[in-house]
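Undergrad: Here is my input; please provide its structure:
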Amino acid sequence: ISALALAALAASAEPAPAPPPGASMEDLQGVYLACDRAATRTVLENLPRDLVLEQEPTAVARLVAAIVGLQERQLVRVFEVPEPVGPWTTVLVYLPRNRFTAELPERIADAVATAYGADRRTFEPYLGASSLARIAVSVRRPGGVEPVDLEAIERLVDELSTSWSDRLRAALVADVGEEE
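TA: Model prediction:
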């Protein structure tokens, strides 16, 4: 199955009607699968086109499934997508939309470039209807570079995207506890 066929399959998915009150587990599962198809379609439509078209369909399917699983969760996640040919790698950074600021994409792109030892980098922020923001960072890796610790990048992005007031609140909660 090609990436285009995968996209066509997601695009052709018709949403299931809402189950009536007192619906069975099978009815609820049908609604869940319809929502999953709709989420898959949305993710596919919003991924960078060249990324979808240049990757193997199974790699695209795994990436889309991971992103769909992340959708309404307020977590920072980083996905690495190496270009099929050449020294470029695309790093997709997902973070809670409410933590997105105007200067954040450039700071994240610099952090990703440093982690990859990149001599060149580009970035493209994306804010859609989702509760997540995406920053696609393309980095040109020098030859013979070691694998990158994506969890370390996630921690760094989490730190970069946490506001001063959120850090203060976390420190106060750690020091004196939550207000009852």
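Undergrad: Contact partners for L95?
TA: L95 is in contact with 76, 132-133, 135, 157-158, 161, counting by Cβ atoms under 8 Å, 6 or more residues apart in numbering. Using the backbone N, CA and C atoms, a C-beta is placed for each residue, glycine as well.
Undergrad: Please work out how many residues are found near D36.
TA: 16 (other Cβ atoms under 10 Å).
Undergrad: Filter the contacts of L95 down to the ones in helices?
TA: 157-158, 161 (DSSP state H).
Undergrad: Note down every partner strand of the strand or helix carrying V93 and its orientation.
TA: Taking DSSP states H and E as the criterion, V93 maps to strand 88-96. Note on strand 88-96: by DSSP bridges, its sheet partners are strand 77-82 (antiparallel), strand 132-140 (antiparallel).
Undergrad: Deepest in the core, which of those strands is it.
TA: strand 132-140 (a mean of 23; mean count of other Cβ atoms under 10 Å).
Undergrad: Buried ones only from the ones in helices among the contacts of L95, please, as a PyMOL command.
TA: Buried residues among those (16 or more other Cβ atoms under 10 Å), as a PyMOL selection:
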select buried, resi 157+161
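Undergrad: now the ones in helices among the contacts of L95 as a markdown table including pLDDT and distance to T101?
TA: A markdown table is the format used below for the ones in helices among the contacts of L95 (pLDDT from 0 to 100; distance: Cβ to Cβ, whole Å):
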| residue | pLDDT | distance to T101 |
| --- | --- | --- |
| V157 | 94 | 13 |
| D158 | 92 | 14 |
| S161 | 91 | 8 |
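Undergrad: In space, not sequence, find me the middle residue of this protein.
TA: The residue lying closest to the centre of the chain (Cα atoms, centre = their mean) is Y94, at 3.7 Å.
Undergrad: thinking that residue is in contact with L132, fair?
TA: Yes: using Cβ atoms under 8 Å, Y94 is in contact with L132, at 4.9 Å.
Undergrad: buried residues in stretch 164-171?
TA: Going through stretch 164-171 with 16+ other Cβ under 10 Å, nothing comes out buried.
Undergrad: Let me see the mean pLDDT of that stretch.
TA: Averaging pLDDT along stretch 164-171 gives 85.
Undergrad: Kindly report the same for stretch 143-152.
TA: Here the average pLDDT along stretch 143-152 is 83.
Undergrad: Contacts for it next, please.
TA: For stretch 143-152, contacts defined as Cβ under 8 Å, 6+ apart pick out 78-80, 87, 115-117.
Undergrad: quick one: low-confidence ranges for the chain?
TA: 1-35, 144-145, 180 (pLDDT under 70).
Undergrad: ok, which stretches of this protein are helices?
TA: Using DSSP H, helices in the chain cover 3-11, 25-46, 49-54, 57-70, 104-116, 150-161, 164-176.
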